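Q: Fold the following, please.
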Amino acid sequence: MLTQAQKGEKFQDLHHDTGPFVLPNVWDIGSAQLFAGLGYKALATTSSGFAYTHNFRDGEGDFGLDQALAHARTIGEATGLPVSADLENGYSDDPDGLAETITKTAAAGLVGCTIEDTHPGEPGFYPFDVAVARIEAAVKAARSLPFPFMVTARADGLIKGLYDLDEAIRRLQAYEAVGAPVVYAPFLKSLDEISRVCASVKAPVNHLGGLGVPGETVASLGEAGVKRISLGGSLARVALGAAYRAGKQIAETGTFDEVTAAPGWNPVLAAINAGKLM
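A: So this is what the prediction gives:
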């Protein structure tokens, strides 16, 4: 079993390997062990996937840092892989609070996290200077740790149309300037936009995969300059969506085609058991 320091080094190295790596966002112990068993090199949590499996929307409900870190610790202990936490806005508006979030996240056994620049559940975002100061504080806290800790600085205004691509790039460049090891602008709409973002910074760029960008594959994203491909809540959506289709079909038609088309337990359990051993 790798130590936390070794996990931190491994996670850092993945961002500088040739070509992109896929970082699956998992939502419970079984999904963590499943994707570990399928050969993925690191895992991330998903705030939306966790929220949806607990009957509330992302950014809503009585859900704070302690719950997020307890959940992330469970994911981290499920396998021997490096784990990064989806921490929404870091559960703090001010830089000092965000620095404390980083310290607590590391204490929970994690080796990275993502930090948003918008308020979860609210139609607003942090002013530019505030957003940069928050990331600067997070990076400073991460650098004080005795192992590499990958802070992923996000420009989330594109999701709700709060600002345009030029502003997202301006923020990513500023995050890089204060030391962010990874930058991330979710909801880019084309390979051209993705290439533009990647060309605008030297830091590794994370891309949110699986949302229907035309021509999007792991290979094409690598050619565009992407270093890491995360999946957000999409894998949880796939799992719950399959159960929804099967349940809906049984209720409406009395047939079981969706159920019988699913994989048998043997390959699934084989992957989960392999993930336990990592």
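Q: Tell me which other helices or strands the lowest-mean-pLDDT helix or strand in the chain touches.
A: Here the helix or strand of the chain ranked lowest by mean pLDDT, DSSP states H and E is helix 47-52, holding a mean of 72. Secondary-structure packing of helix 47-52 (3 or more CB pairs under 8 Å, 6 or more residues apart in numbering; DSSP states H and E): helix 65-78, helix 234-253. From N, CA and C alone the C-beta is placed, and that goes for glycine too.
Q: can you list the residues that contact stretch 68-77?
A: 26, 28-29, 32, 43, 45, 47, 50, 83, 85-88, 91, 104-105, 108-110 (CB atoms under 8 Å, 6 or more residues apart in numbering).
Q: From those, which land in strands?
A: Mapping the contacts of stretch 68-77 onto strands (DSSP state E) picks out Val26, Leu43, Thr45, Val83, Ala85, Asp86.
Q: now the residues you listed: which count as buried?
A: Neighbour-count burial within those applies to Val26, Leu43, Thr45, Val83, Ala85, Asp86; the criterion is 16 or more other CB atoms under 10 Å.
Q: Dig out what the third one forms beta bridges with.
A: With beta bridges defined as DSSP bridges, Thr45 has these partners: Val26.
Q: That one contacts Gln67, doesn't it?
A: No - contact between Thr45 and Gln67 fails when scored by CB atoms under 8 Å: they sit 11.4 Å apart.
Q: Need the residues that contact stretch 92-110.
A: 4, 65, 69-70, 72-73, 76-77, 83-85, 87, 90-91, 113, 115, 119, 126, 133-134, 136-138, 140-142, 145, 149, 151.
Q: Helix, strand, or coil at Asn206?
A: strand (DSSP: H, G, I helix; E, B strand; the rest coil).
Q: hang on, isn't it packed against Gly232?
A: No - the criterion here is CB under 8 Å, and Asn206 misses it with Gly232 at 10.5 Å.
Q: which of the two has more neighbours?
A: Asn206 (26 against 22; other CB atoms under 10 Å).
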